[in-house]
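>>> sharing a sequence plus its predicted fold:
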Amino acid sequence: MSKFAHLVLDVPVKQSFTYAIPEELLESVGVGVRVVVPFGKREMTGYVIGLADDFEAPYQVKDIKRVIDKVSLYGDKSVELALWMSRFYLCSQGEALSMMIPGGRRDSSTPALAVEDDETIREVMNLSADQQAAIETINAAKDAMYYLYGITGSGKSEVFLRCTEAMIAQGRSVIYLVPEITLTHQLARQVTNRFANKVAILHSALTPSQRLSQWKRIRSGEVLFAIGARSAVFAPFENLGMIIIDEEHENSYKSGNTPRYHARQVAQQRCREEGAILVMGSATPSLEAWSMMKKGQVKALRLDSRVGGGVPPKVRVVDMQGEKHTISKKLLAEIKAVLARKKQVILFLNRRGFSYFFHCKSCGYDMQCPHCSVSLTFHQGKGEMICHYCGYRRKPIQVCPECHSLDVGYSGFGTEMVEQDVRMFFPQASIRRLDTDSAKDKKHMHEVLEQFRKGEVDILLGTQMVAKGLNFPGVELVGIVLADSGMNIPDFRSQERTFSLLMQVSGRAGRYNDQGQVIIQTFHPENAAVLYAQHREVDAFFDQELVMREETGFPPHTRLINLVLRGRNREKVSAEADKLESLLEAAIATYKGEGSPSVMCNSECPLEKIASNWRNHILVMGSDASSAHKVVSHVLEHYTAPSGIYVEVDIDPLQML
């Protein structure tokens with residue numbers, strides 16, 4: 001039996017480590033189990049990736065302390081995928097593997113999902129011609145990647161599920177990714193009966209032990225179908241046939257922690273390596289996916305009609321200049337008319353809290369978080385000013401601390417203020433608010449959505465949670481309270497995001513009749529994203545945005561890599577950023593390949609300080625996919641950050657804040 005184990009650790013060191021296997025653990029240690037090992041002065045979890053009969057080293061090889069798992073949690077394919085991630089996302093193999101594997105120590109059963117029988121859950125018997133054609137094309141599998149591109153309500157989910165059934169009938173497995181936990185639950189309800197409970201559910205609300213239990217069901221071959229958010233892309237199926245990415249455009253498919261992977265890129269790699277097909281879908285594709293469709297790298301399948309019989313809603317734009325309340329006179333009148341018909345309203349605002357900054361009208365003082373470069377948001381319900389980045393809290397003030405003026409106030413508005421206005425105008429209506437603050441309690445979130453689905457709530461007010469894929473037959477009016485909240489962010493993707501959000505929210509109205517209408521409130525009625533969304537000109541918006549990105553040299557025509565340096569000492573962070581920029585410039589000067597990369601900027605991050613850490617970023621751009629990657633990879637291999645400075649690498653960043 002092998003006496004040594006090669007393993008990787010969740011540390012930013014690009015190498016494996018070798019440990020001796022004690023006699024009593026010889027039968028327990030194999031590839032795919034986690035072990036506890038001494039590392040420096042501490043004990044850490046290690047991931048076994050190989051075994052050896054002998055190993056010579058000029059030092060004393062330490063022993064494995066104990067084995068965590070009775071059975072193997074991952075196989076060679078997961079080890080290979082982690083190696084690819086370490087190369088592509090410039091992290092260590094251990095960091096990649098530790099992100100894949102659930103952290104539970106023991107199995108724990110998953111809470112059962114209540115399954116109800118209603119029109120949103122029963123299998124749809126009559127398919128549209130578009131749906132039938134899409135299913136036949138995907139099942140024929142002549143291409144490696146497909147994109148279901150169709151209006152909201154066109155029945156993408158049913159196509160995904162029919163193709164899943166066909167794939168499982170061949171004995172191959174399927175991973176179905178959704179962007180939000182709320183959608184995981186809605187989808188799980190739909191498929192639990194349909195797939196006779198042979199479904200593994202993977203999402204963030206499960207405890208690590210519950211996730212581990214689901215993971216083992218997949219690994220053992222007990223289930224062939226897994227549904228979940230971003231990290232479900234790592235589900236350890238041996239015979240993978242298909243990965244589905246629903247609402248592909250969503251930012252939540254990108255990880256915010258090292259390694260900063262994108263589920264679409266990982267899915268593409270898995271499908272390539274394992275001979276599976278990738279099926280994506282959205283009413284508003286990401287510009288990257290749109291570009292791939294234009295080039296013929298992904299086969300586009302159009303779904304142009306709503307299966308529920310409803311027609312796309314009428315969209316109107318209201319200029320908020322001169323309006324006295326958060327709800328315009330036009331929107332008020334429409335809410336009144338819809339409630340009189342005993343139908344429902346969704347009001348959307350992409351900002352939580354009551355108002356989002358405090359300022360002095362005499363000297364211009366703006367109350368910022370002492371630990372972050374952001375304004376504090378006033379939450380009236382809690383009676384506190386709160387930082388949405390680090391959680392810092394303080395009591396509101398009535399006097400300016402700078403000039404002692406009493407002429408102070410709160411500007412902008414959030415969901416709490418909108419809720420207050422709506423309650424004032426509609427005291428008899430049943431109104432519920434759903435945002436990150438009110439949804440921390442998952443039970444509360446499901447209760448609210450369930451009440452709304454049953455028609456017990458008249459007006460649902462919320463942030464992005466109410467925009468995603470949720471299907472409510474009674475909704476006739478969607479009001480977008482302020483379309484401008486994402487427009488002014490210093491980010492080349494702000495127009496794309498604003499447009500996608502407007503289209504997605506609009507899609508909640510009139511799913512089952514021709515009464516649906518959308519009212520977009522804005523201070524910028526001439527904005528291109530607003531105008532294209534109003535006229536539902538999706539193709540035209542993406543085509544002009546693609547041209548604009550080409551002219552300005554931004555993705556998807558180029559590759560960006562964002563290197564963020566952070567630390568407690570502002571001068572040290574800035575000096576280290578200058579040093580790293582010099583190393584990059586030197587490497588670029590000797591670069592021999594196609595399309596020489598360049599350093600676009602070396603500056604403070606737009607949010608220069610978060611949680612008492614000062615932040616600088618260096619943005620490297622390459623005109624082809626590999627040039628920037630090769631240069632940054634080469635420099636980081638020979639660079640070690642000094643004590644107190646941390647470097648975060650973000651390949652293809654989705655936001656630069």
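Good, I have the coordinates.
>>> per-domain residue ranges of the protein.
Domains of the chain are assigned by automatic domain parsing as 4-100, 129-303, 314-353+413-551, 559-651.
>>> can you lay out these as TSV showing mean pLDDT?
As requested, the domains of the chain are exported to TSV (pLDDT from 0 to 100):
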stretch	mean pLDDT
domain 4-100	95
domain 129-303	92
domain 314-353+413-551	85
domain 559-651	93
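>>> thought residue 460 was touching residue 448?
Yes: Residue 460 is in contact with residue 448 according to C-beta atoms under 8 Å; the separation is 7.4 Å. Glycine gets a C-beta too; all of them are placed from N, C-alpha and C.
>>> okay, and the common contacts of those two?
Jointly contacting residue 460 and residue 448 under the rule C-beta atoms under 8 Å, 6 or more residues apart in numbering are 432, 434.
>>> bridging residues for the closest residue to residue 224 other than its chain neighbours?
Nearest residue to residue 224, sequence neighbours excluded (C-beta to C-beta, 6 or more residues apart in numbering): residue 173, at 4.2 Å. Counting by DSSP bridges, residue 173 is bridged to residue 240.
>>> so who does residue 173 touch?
167, 218, 223-226, 237-241.
>>> neighbour count for residue 460 and residue 448, which is higher?
residue 460 (26 against 21; other C-beta atoms under 10 Å).
>>> just checking, what's the longest strand in the protein?
Secondary structure of the chain per DSSP state E: the longest strand is strand 598-610.
>>> name the residues that touch it?
371-374, 389-390, 490, 560, 564, 566, 574, 577-578, 581, 584-585, 588, 614-622, 656-657.
>>> sheet-wise, list the partners of it with their directions.
Short version: by DSSP bridges, strand 598-610 pairs with strand 613-622 (antiparallel).
>>> before we move on, back to that, put the buried members of the contacts of strand 598-610 into a PyMOL selection.
To isolate the buried members of the contacts of strand 598-610 in PyMOL, using 16 or more other C-beta atoms under 10 Å:
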select buried, resi 371+372+373+374+389+390+560+564+566+574+577+581+584+588+614+615+616+617+618+619+620+621+622+656
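>>> if we can go back for a sec, which pair of the contacts of residue 173 spans the longest distance?
Maximum pairwise distance among these (C-beta to C-beta): 15.1 Å, between 167 and 218.
>>> for the stretch 101-250 of the chain, which segments count as helices?
Assigned by DSSP state H, counting those that start in this stretch, the helices in the stretch 101-250 of the chain fall at 129-140, 156-169, 181-194, 208-219.
>>> any chance of the ones you listed in TSV, plus mean neighbour count?
Formatted as TSV, the helices of the stretch 101-250 of the chain follow (neighbours: other C-beta atoms under 10 Å):
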stretch	mean neighbour count
helix 129-140	17
helix 156-169	21
helix 181-194	20
helix 208-219	20
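>>> against residue 67, how distant is the nearest residue to residue 229 once chain neighbours are set aside?
What sits nearest to residue 229 in space, not counting adjacent residues and going by C-beta to C-beta, 6+ apart, is residue 203, at 5.2 Å. Here residue 203 is placed at a distance of 28 Å from residue 67 (C-beta to C-beta, to the nearest Å).
>>> of those two, which one has the most company?
The neighbour comparison of residue 203 against residue 67 (other C-beta under 10 Å) goes to residue 203, with 23 against 18.
>>> for that one, what are its contacts?
181, 184, 228-229, 232.
>>> what's the most distant pair in these?
Farthest pair in the contacts of residue 203, by C-beta to C-beta: 181 and 232, 11.6 Å.
>>> could you dump the contacts of residue 203 into CSV with distance to residue 108 added?
Shown next, in CSV, are the contacts of residue 203 (distance: C-beta to C-beta, whole Å):
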residue, distance to residue 108
181, 18
184, 18
228, 17
229, 19
232, 18
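>>> can you get me a residue count around residue 483?
By other C-beta under 10 Å, neighbour count at residue 483 equals 28.
>>> surely it meets residue 499?
No: applying C-beta under 8 Å as the test, residue 483 and residue 499 come out as separate, 9.9 Å apart.
>>> quick one: common contacting residues for these two?
residue 529.
>>> what's the spacing between the residue nearest to residue 224 and residue 279?
Taken as C-beta to C-beta, the span from residue 173 to residue 279 is 14 Å.
>>> go on, residue 27?
42 Å.
>>> repeat that for residue 532.
For residue 532, the distance to residue 279 - C-beta to C-beta - is 26 Å.
>>> so which residues of the stretch 401-550 of the chain form strands?
408-411, 431-434, 459-462, 475-480, 517-522 (DSSP state E, counting those that start in this stretch).
>>> tell me where the stretch 451-600 of the chain has helices.
Using DSSP H, counting those that start in this stretch, helices in the stretch 451-600 of the chain cover 494-506, 528-534, 538-552, 570-589.
>>> contact partners of the shortest one?
So that's helix 528-534. By C-beta under 8 Å, 6+ apart, helix 528-534 touches 315-317, 483, 487, 495-496, 498-499, 502-503, 506, 520, 522, 524-525, 538, 540-541, 544.
>>> quick check: the residue nearest to residue 224 vs residue 647, distance?
From residue 173 to residue 647 the distance is 37 Å (C-beta to C-beta).
>>> equivalent analysis for residue 65, please.
Taken as C-beta to C-beta, the span from residue 65 to residue 647 is 31 Å.
>>> what backbone torsions are found at residue 229?
For residue 229, the backbone dihedrals are phi -80, psi -170 (criterion: degrees, to the nearest 10).
>>> who's in contact with it?
Contacts of residue 229 by C-beta under 8 Å, 6+ apart are 177-181, 184, 202-204, 252.
>>> show the buried residues in those residues.
177-181, 184, 202-203, 252.
>>> list just the nearest of the residues you listed to residue 211.
Closest to residue 211, out of all of the buried ones among the contacts of residue 229 and judged by C-beta to C-beta, is residue 202, at 6.2 Å.
>>> that closest one contacts residue 235, doesn't it?
Yes: between residue 202 and residue 235 a contact is recorded at 6.7 Å, counting by C-beta under 8 Å.
>>> between the two, which contacts overlap?
With C-beta under 8 Å, 6+ apart, residue 202 and residue 235 have common neighbours 215, 226, 228.
>>> now these in JSON lines, with distance to residue 453?
Shown next, in JSON lines, are these (distance: C-beta to C-beta, whole Å):
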{"residue": "215", "distance to residue 453": "31"}
{"residue": "226", "distance to residue 453": "25"}
{"residue": "228", "distance to residue 453": "22"}
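>>> now do the same contact list for the spatially closest residue to residue 524 that is not a sequence neighbour.
Among residues not flanking residue 524 along the chain, residue 484 sits closest, at 5.8 Å (C-beta to C-beta, 6+ apart). Listed by C-beta under 8 Å, 6+ apart, the contact set of residue 484 reads 522-524, 527.
>>> which one (most neighbours) among the residues you listed?
residue 522 (23 neighbours).
>>> for the nearest residue to that residue once chain neighbours are set aside, give me its contacts.
In space, and not counting its chain neighbours, residue 522 is closest to residue 483: 4.2 Å by C-beta to C-beta, 6+ apart. With contact set as C-beta under 8 Å, 6+ apart, residue 483 has these partners: 498, 502, 520-522, 524, 527, 529-530.
>>> switch the residues you listed over to JSON lines; also include distance to residue 635.
Formatted as JSON lines, the contacts of residue 483 follow (distance: C-beta to C-beta, whole Å):
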{"residue": "498", "distance to residue 635": "35"}
{"residue": "502", "distance to residue 635": "40"}
{"residue": "520", "distance to residue 635": "46"}
{"residue": "521", "distance to residue 635": "47"}
{"residue": "522", "distance to residue 635": "44"}
{"residue": "524", "distance to residue 635": "41"}
{"residue": "527", "distance to residue 635": "39"}
{"residue": "529", "distance to residue 635": "37"}
{"residue": "530", "distance to residue 635": "42"}
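>>> the helices of the stretch 451-600 of the chain: which one's closest to residue 59?
helix 570-589 (31.3 Å).
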